[in-house]
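Undergrad: What shape does this take:
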Amino acid sequence: MSNGLPESQERDCINTIRTLSMDAIQKANSGHPGAPMGLASAAYVLWTHFLKHNPNNPEWFDRDRFVLSGGHASMLLYSMLHLTGYDLTLDDMKDFRQWGSKTPGHPEYGHPGVEITTGPLGQGFASAVGMAMAERHLAARFNRPGYEIVDHHTYMMCGDGDLMEGVTAEAASLAGHLGLGRLICIYDDNGITIEGRTDITFTEDTGLRFKAYNWHVAVVEDGNDTDAMAKAIESAKADTARPSLIMLNTHIAYGSPNKQDTADAHGAPLGEEEVRLAKRNLGSPEAECFLVPEEGFDACKECVQAGKSGESLWQEMFDAYRGQHPELAEQFMNAVNRELKEGWDADLPNFSETDPPIATRAASGKVLNALAGNIPELMGGSADLAPSNKTIIESSHDFQKNASTGRNIRFGVREHAMAAIISGMALHKGIRPYGGTFLVFADYMRPAIRLAALMRLPVIYVFTHDSIAVGEDGPTHQPVEHLASLRLFPGLTVIRPSDATETVEAWKMAIQSAEPVALILSRQKLPVMDRRRYHPADGLGKGAYVLSDSAGKPDVILIATGSEMHVALQAKEALAKKGVSARVVSMPSWELFENTPQEYKESVLPPDVTARVAIEAGIPMGWERYVGTHGVIIGMTRFGASAPGGVLMEKFGFTAEHVVEKVMELL
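TA: Purely as a prediction, here's the structure:
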């Protein structure tokens, strides 16, 4: 292609991408060499001729985003980062897949130039859709004539495995509906997966499928044809009304005499002899390892200067924008830097015990709308359950193809994609995203929740209909194991407030958190507790607090969350009539409680009070750490049933009478 380099030097550049990948994988004796070898030409064209990026400042906001959805091809990304001037040395390449290195087996967010943690196939694709949605919203909100301060593309590379995963279908469908014209996917169509050729399982017309999704589809017959690749990207950029899929016919392990086009090259090193033969076949010095020729890399080295110039010009434009639109500029920087303006919580509702009972999902909706008025970057929606989840921002319209300033996202019945998309929006920055559904459907979101926790992303999950009290819909819709399963994620804060006042505090914690938070909310109405009589709800910030205490040393400690808190308070009063003094502890968040000093923990749960009862309408697993070996857990040990919620709570023992009975047995 016409880049100022002789064809032989361009070939050397591309082959160096291949040889670096081969060498690093062979040295580690672990990895996936096939995809980097097949995609080297496409990566070279994209990174040196189209990708807007600054290797000296990987966080420059108006850079193009690059997502390697097939994270097993990580050496392709690392090779490009090294060759284009990022802070990734040859020594780092030699440490591929080793302890503490910058080059882990799959890309991990936080390392220079790595936009997202990828590996579980399809997740990167869906998160890239979220990045493109964030770009469109911010551009519509902040750009003004002559000042396009948000003006970039989202590129991703994916493979056959990505396109087989269901999450990709959900995300691609939504992207086509929204007309995300700045989303460009390069599909490594090499026809090989771990088990062999894809035609044993995957024979659909992929191009036709994406055309049906309203995507622009282009085909590059030869993955090594750099001119054809460049033309395909140009045509994709020119179609501003649709996302684009570039179907790139490649050869896995291109250049390997014995393993090209075979599954053997997918998930294992080529072997020292095959690496030598492949280098000979490619015309590279076969005896050299980690060789980066000084000559012929002008195009790669130019990325550094081009990046500096690009960011400098953008900064000049933004400085002028700040002068013309100071309020918008301030809002933009606050959103990008995740800084809350003073008074962000000024309009939060105050609930009182004189208010009628209210479901925490309904209270959450009121809090969300109060926050949305002062946090304009707050944006999200629900998987077709907004009326039930109470996730609509009433002061805004929908985010749609021709209405990109809207803050209400209609995800449709797409929980898998929703969770990955809000991760992509958080990674992009400038948006504080949330997504809602019924708690039981958190199962559909687990892969994306896990990655969000791994990346420590500030996303908010709004999970409603939190227990068997869902009622008549029956056990298919009644979560019993979900609270415990969400608490298993390192880095995810789970909060289950017990009334409207705690719900306010839960949202405040979520908004201020730099990590993912799951809000667990009731369908049924709950009384608002008398905070003059009980402890203020701000104790929620410590995860657990003494809600109602005994006059002296308690005989028993009752610990509860959510709707079961009211049962615990009723039980305390009933126990008092029997001469038993009880302390009631509200424990909406294990994670927050575990982050407190040991002294505080013991002030809430004194070690010398061993008679303890935990009450939660979920499986008991995990509560042992708080009730100890002498305690009792009142929870669910089976699935629920179809009946009115109140009946189920009684039948399964979530009543004051049953708690009193268990306490008397315990004592």
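Undergrad: Need the residue closest to the centroid of the protein.
TA: Most central in the chain under CA atoms, centre = their mean is residue 423, positioned 3.0 Å from the mean C-alpha point.
Undergrad: that's a helix at that residue, yeah?
TA: Yes. With DSSP: H, G, I helix; E, B strand; the rest coil as the criterion, residue 423 is part of a helix.
Undergrad: hang on, it packs against residue 447?
TA: No. Distance between residue 423 and residue 447: 10.3 Å, which falls outside the contact criterion (CB atoms under 8 Å). Bear in mind the C-beta positions are built from the backbone N, C-alpha and C, glycine included.
Undergrad: ok, back up a step: quick one: the residue nearest to the centre of the chain from residue 239, how far?
TA: As defined by CB to CB, to the nearest Å, residue 423 lies at a distance of 26 Å from residue 239.
Undergrad: Tell me where the longest helix sits in this structure.
TA: Residue-count comparison of every helix in the chain, with assignments taken from DSSP state H, identifies helix 298-324 as the longest.
Undergrad: who are the neighbours of that one, in terms of helices and strands?
TA: Applying 3 or more CB pairs under 8 Å, 6 or more residues apart in numbering; DSSP states H and E, one finds that helix 298-324 contacts helix 7-28, helix 326-337.
Undergrad: which of these has the lowest average pLDDT?
TA: Least confident of the helices and strands packed on helix 298-324, judged by mean pLDDT, is helix 7-28 with a mean of 94.
Undergrad: Please write out the alpha-carbon positions of the helix or strand just after it in CSV.
TA: The element immediately downstream of helix 7-28 (helix or strand, assigned by DSSP states H and E) is helix 34-45. What follows is helix 34-45 as a C-alpha-only set of coordinates in CSV (Å, rounded to 0.1, in the frame of the first residue of the first chain):
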residue,chain,number,x,y,z
GLY,A,34,-1.8,-18.7,15.0
ALA,A,35,-4.1,-15.6,15.2
PRO,A,36,-1.2,-13.1,15.6
MET,A,37,0.5,-14.6,12.5
GLY,A,38,-2.6,-14.5,10.4
LEU,A,39,-3.7,-11.0,11.5
ALA,A,40,-0.3,-9.3,11.3
SER,A,41,-0.9,-7.5,8.0
ALA,A,42,-4.3,-6.2,9.1
ALA,A,43,-2.9,-5.0,12.4
TYR,A,44,0.0,-3.3,10.6
VAL,A,45,-2.4,-1.4,8.3
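Undergrad: So for the helix or strand that helix 34-45 is followed by, mean pLDDT?
TA: Once helix 34-45 ends, the next helix or strand along the chain (criterion: DSSP H and E) is strand 65-68. With pLDDT averaged residue by residue, strand 65-68 scores 98.
Undergrad: could you point out which element follows strand 65-68?
TA: Using DSSP H and E, the helix or strand that directly follows strand 65-68 along the chain is helix 74-83.
Undergrad: Could you check the angle that following helix makes with helix 7-28?
TA: 120 degrees (axes from the mean of the first three to the mean of the last three CA atoms, to 10 degrees).
Undergrad: Give the other helices and strands that helix 74-83 contacts.
TA: helix 7-28, helix 34-45, strand 65-68, helix 90-94.
Undergrad: try 6 Å this time
TA: Applying 3 or more CB pairs under 6 Å, 6 or more residues apart in numbering; DSSP states H and E, we find helix 74-83 packed against helix 7-28, helix 34-45.
Undergrad: okay, these, which one's buried deepest?
TA: Per-residue neighbour counts averaged over each of the helices and strands packed on helix 74-83 give the maximum for helix 34-45, namely a mean of 28 (mean count of other CB atoms under 10 Å).
Undergrad: Quick one: list the elements packing against it.
TA: Using 3+ CB pairs under 6 Å, 6+ apart as the contact definition, the elements that helix 34-45 packs against are helix 7-28, helix 74-83, helix 226-238.
Undergrad: Between helix 7-28 and that helix, find me the angle.
TA: For helix 34-45 against helix 7-28, the angle between stretch directions is 140 degrees (the same axes, to 10 degrees).
Undergrad: Taking helix 298-324 as reference, get the angle to helix 34-45.
TA: Taking the same axes, to 10 degrees, helix 34-45 and helix 298-324 form an angle of 60 degrees between their directions.
Undergrad: Quick check: the gap between residue 262 and residue 585.
TA: Taking CB to CB as the measure, residue 262 falls 61 Å from residue 585.
Undergrad: Looking at these two, which is more packed in?
TA: Between residue 262 and residue 585, counted using other CB atoms under 10 Å, residue 585 has the larger neighbour count: 27 against 15.
Undergrad: The longest helix of the chain: how far from the chain's middle?
TA: Shown here is helix 298-324, whose average C-alpha point lies 29 Å from the average C-alpha point of the whole chain (CA atoms, centre = their mean, to the nearest Å).
Undergrad: What of stretch 617-634?
TA: For stretch 617-634, the distance between its averaged C-alpha position and the chain's averaged C-alpha position is 30 Å (CA atoms, centre = their mean).
Undergrad: Quick check: end-to-end length of it?
TA: Start and end residues of stretch 617-634 are separated by 8 Å (CA to CA, to the nearest Å).
Undergrad: swap in stretch 489-500?
TA: For stretch 489-500, the first and last residues are 26 Å from each other (CA to CA).
Undergrad: Please apply the same query to stretch 83-102.
TA: Distance across stretch 83-102, first residue to last, is 15 Å (CA to CA).
Undergrad: Now do the buried residues in it.
TA: By neighbour count, and taking 16 or more other CB atoms under 10 Å as the criterion, the buried residues in stretch 83-102 are 83-86, 88, 92-97, 101-102.
Undergrad: Surely residue 448 is within a strand?
TA: No. Secondary structure assignment places residue 448 outside any strand; it is helix (three-state DSSP).
Undergrad: Okay, and the residue nearest to it when sequence neighbours are not counted sits in which element?
TA: Nearest residue to residue 448, sequence neighbours excluded (CB to CB, 6 or more residues apart in numbering): residue 419, at 3.4 Å. Residue 419 is part of helix 415-428, with elements assigned from DSSP H and E.
Undergrad: Whichever helix or strand comes after that helix to helix 415-428, inter-axis angle?
TA: If you walk from helix 415-428 toward the C-terminus, the next helix or strand you reach (DSSP H and E) is strand 432-438. In this structure, strand 432-438 runs at an angle of 170 degrees to helix 415-428, with the same axes, to 10 degrees as the basis.
Undergrad: From the contact counts, what lies against strand 432-438?
TA: Judged by 3+ CB pairs under 6 Å, 6+ apart, strand 432-438 is in contact with strand 378-382, helix 415-428, strand 460-464.
Undergrad: just for this structure, where's the confidence low?
TA: Regions of the chain meeting the criterion pLDDT under 70 cover residues 1-5, 295-297, 299.
Undergrad: domain assignment for it?
TA: For the chain, automatic domain parsing gives the domain ranges 7-307, 358-526, 537-666.
Undergrad: Do me a favour and get the end-to-end distance for the second one?
TA: For domain 358-526, the separation between the terminal residues is 5 Å (CA to CA).
Undergrad: How far off centre is that domain?
TA: 12 Å.
Undergrad: what's the angle from the helix or strand residue 363 falls within to strand 460-464?
TA: When secondary structure is defined by DSSP H and E, residue 363 falls within helix 360-374. With the same axes, to 10 degrees defining the directions, helix 360-374 sits at 150 degrees from strand 460-464.
Undergrad: which helices and strands does helix 360-374 pack with?
TA: When contacts are defined as 3+ CB pairs under 6 Å, 6+ apart, helix 360-374 packs onto helix 500-512.
Undergrad: That concludes my questions; thank you for your assistance.
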